[in-house]
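# here you go, sequence then predicted model.
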Amino acid sequence: MSPIRAPRARGKLAAFALAALLAAGPAAAQQGQPPAQQLPNREVTVQNETDLTLRELYLAAPNATDRGPDRLGADMVAPGALYRVRLGRTRDCVFNVTAVFLDGSEEQRQRVDICRAPRLVFGDPAMPTLEVAVANRSRVTLRELYALPAAPPGDAAARNWGPDRLGTSMVEAGGSFAMRLRTRDCRFDLRGVYVDEREEVLRNLDLCATRSVAFDRSTVPDRPTRSILLANRHLATVQQVYLSPSTETDWGPDRLGAATLEPGEDIAVEMQGGCEADLRIVFPNGGAEERRAVNVCESTRIVLRPGWVLAERLDEEGAVPGQMTEPEPDPGALRLRNAGRLPIVEIYTGPPGGPRGEDRLGADTLPVGAVIEIEPEDPDSCAADLVVVFRDGREVVRPGVDLCAGEEMDVR
């Protein structure tokens, strides 16, 4: 007879079952639980029915010591939008939920069973939705927007306006914004704050009857007008001048318009705003100089000269601190100073009784108060007839001048 082999076969089956259990993992082998690949793939749908953007969302186990990661990551859930949060493969169903909105406010819910109700709804879907188009018809960017149910006139001054309805957005000049409110109210007070810190409040608006609102700064009081005198002591023409409050994001219009500021000239420019302003000047060759945060209430006269952007005082005509002072005159040269009221545009030093010769200034000009040293073209011929031409065409003639005397001469 053949030997009975059945008991050995049963032993192989038992060994195979044990090996399969061990392959499933230590926890499954000990507790009889399914392997990770057999766990359900959990997800939950987030429905934002508030009028604020949902910025962060946390789902943590009830016994967890912290909130865990933000399940939205870099995303946000806009008002009225849906968002699917994937939790991965997990056997857990119950979570503590924390929602953080754009204004920083939070809503917490304890022990939410997402297996029984896989949708998280924030806000009341039954609440009517009021959508209003908010237009910016001013020339300044609208930075913040607030909306509250209309308050009695006596309570309107000191209100807690709540969250900024724009969030991280801004409404540029000429732009618009769709504001969405979950409310049963119709009458609202709206408050807009511009980038220059000015604000405009529109009161008791019936947003149910009028679904569009415009901010145009018509109710914002005019700011004081500042007048600043600019003195051009550069050797070049100033073609453009920009002066704007430091709170504004752009330079605004050219304050010179079609005019220019010639060397030696002064001009008054005006600006509406506070005491702190930014000043930028542009030369015909495209070069520019600018200085920020100038106190135009203290410095009502600004001298534009080499180094003025770093000068401690802006109204000084003298040398710039940190720069060399005017050199001593060359003993063998004429030191000519413009003591007139206009820039000098031409200087001639021809021989006595002879032709004028070439213009010693060339393309340059000699501003009011500036000095130039003129040496003789021929060291053996110091005598010359000096001719100076001012910008208005007026000529000053000094015959028989000694260009080698080392003297200083004022010309008016």
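That came in fine, so what should we check first? Residues are numbered from 1 along each chain as shown.
# shaky segments in the stretch 151-300 of the chain?
153-158 (pLDDT under 70).
# all the helices of it, residue numbers only.
Using DSSP state H, counting those that start in this stretch, no helices are assigned anywhere in the stretch 151-300 of the chain.
# ok, the residue lying closest to residue 148 once chain neighbours are set aside - contacts?
Nearest in space to residue 148, with sequence neighbours left out and distances taken as Cβ to Cβ, 6 or more residues apart in numbering, is residue 189 at 5.4 Å. In this view, the C-beta of every residue, glycine as well, is placed from N, C-alpha and C. Contacts for residue 189 (Cβ atoms under 8 Å, 6 or more residues apart in numbering) come out as 147, 148, 149, 150, 151, 156, 159, 201, 202, 203, 204, 205.
# got the contact list for the closest residue to the fourth one other than its chain neighbours?
For residue 150, ignoring the flanking residues on the chain, the nearest one in space by Cβ to Cβ, 6+ apart is residue 187 at 4.0 Å. When the contact criterion is Cβ under 8 Å, 6+ apart, the partners of residue 187 are 149, 150, 204, 205, 206, 207.
# ok, how many other residues are close to the fifth one?
Residue crowding around residue 206 was assessed by other Cβ atoms under 10 Å; the count is 10.
# residues in a beta bridge with it, which ones?
Note on residue 206: beta-bridge partners residue 187, judged by DSSP bridges.
# look up how far residue 213 lies from it.
11 Å (Cβ to Cβ, to the nearest Å).
# center of this protein - which residue?
In the chain, the residue lying closest to the centroid (Cα atoms, centre = their mean) is residue 249, at 5.4 Å.
# any idea how the chain splits into domains?
Following automatic domain parsing, the chain resolves into domains at 40-123, 129-153+161-215, 225-310, 334-411.
# relative to the whole chain's centre, how far out is the first one?
Relative to the mean C-alpha coordinate of its chain, domain 40-123 is positioned 34 Å out (Cα atoms, centre = their mean, to the nearest Å).
# what is the mean pLDDT for it?
In this model, domain 40-123 has a mean pLDDT of 91.
# show the end-to-end separation of it, please.
In domain 40-123, first residue to last residue: 29 Å (Cα to Cα, to the nearest Å).
# partner strands of whichever strand or helix holds residue 108 and their direction?
Applying DSSP states H and E as the criterion places residue 108 in strand 106-113. As defined by DSSP bridges, the strand partners of strand 106-113 come to strand 94-101 (antiparallel).
# can you pull the buried residues of the strand it pairs with?
By 16 or more other Cβ atoms under 10 Å, the buried positions in strand 94-101 come out as 95, 96, 97, 98, 99, 100, 101.
# please name the bridge partners of the second one.
When assigned by DSSP bridges, residue 96 has beta-bridge partners residue 60.
# and it, what does it touch?
59, 60, 61, 62, 64, 108, 109, 110, 111, 112.
# for the second one, what are its contacts?
To tie it back to what came earlier, the one meant is residue 60. 66, 67, 68, 95, 96, 98.
# from residue 117, how far out is it?
18 Å.
# same check on the first one?
Spatial separation of residue 59 from residue 117 under the definition Cβ to Cβ is 13 Å.
# same question, the fourth one
Between residue 62 and residue 117 the computed distance is 16 Å (Cβ to Cβ).
# that older thread, let's have the contacts of residue 96 in CSV, adding distance to residue 234.
As requested, those are arranged in CSV below (distance: Cβ to Cβ, whole Å):
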residue, distance to residue 234
59, 66
60, 66
61, 71
62, 74
64, 68
108, 65
109, 68
110, 72
111, 75
112, 71
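# in the stretch 1-150 of the chain, which spans are strands?
41-49, 54-60, 82-89, 94-101, 106-113, 119-123, 129-136, 142-149 (DSSP state E, counting those that start in this stretch).
# which of the residues in the fifth one are classified as buried?
Applying a neighbour-count criterion of 16+ other Cβ under 10 Å, the buried positions in strand 106-113 are residue 112.
# and it with strand 54-60, angle?
40 degrees (axes from the mean of the first three to the mean of the last three Cα atoms, to 10 degrees).
# and the first one, by the same measure?
Put simply, strand 41-49 runs at 140 degrees to strand 54-60, going by the same axes, to 10 degrees.
# neighbouring strands for strand 41-49, and are they parallel or not?
Checking strand 41-49 against DSSP bridges gives partners strand 82-89 (antiparallel), strand 119-123 (parallel).
# so of these, which one's packed in deepest?
strand 119-123 (a mean of 16; mean count of other Cβ atoms under 10 Å).
# the residue nearest to the centre of the chain against residue 172, yeah?
No: using Cβ atoms under 8 Å, residue 249 is not in contact with residue 172, being 10.0 Å away.
# just the CA coordinates for stretch 303-318, please, in PDB.
The C-alpha atoms that make up stretch 303-318 are tabulated as PDB, following Å, rounded to 0.1, in the frame of the first residue of the first chain:
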ATOM      1  CA  VAL A 303      18.100 123.800  -6.300                       C
ATOM      2  CA  LEU A 304      18.700 121.300  -9.000                       C
ATOM      3  CA  ARG A 305      22.500 121.100  -9.200                       C
ATOM      4  CA  PRO A 306      25.200 118.300  -9.500                       C
ATOM      5  CA  GLY A 307      24.800 116.200  -6.400                       C
ATOM      6  CA  TRP A 308      21.400 117.600  -5.300                       C
ATOM      7  CA  VAL A 309      19.900 114.100  -4.800                       C
ATOM      8  CA  LEU A 310      22.400 113.500  -2.000                       C
ATOM      9  CA  ALA A 311      22.600 117.000  -0.500                       C
ATOM     10  CA  GLU A 312      21.700 117.600   3.100                       C
ATOM     11  CA  ARG A 313      20.000 120.800   2.200                       C
ATOM     12  CA  LEU A 314      18.100 121.300  -1.100                       C
ATOM     13  CA  ASP A 315      17.900 125.100  -1.100                       C
ATOM     14  CA  GLU A 316      21.600 125.800  -1.200                       C
ATOM     15  CA  GLU A 317      23.300 127.300  -4.200                       C
ATOM     16  CA  GLY A 318      26.800 126.500  -3.000                       C
END
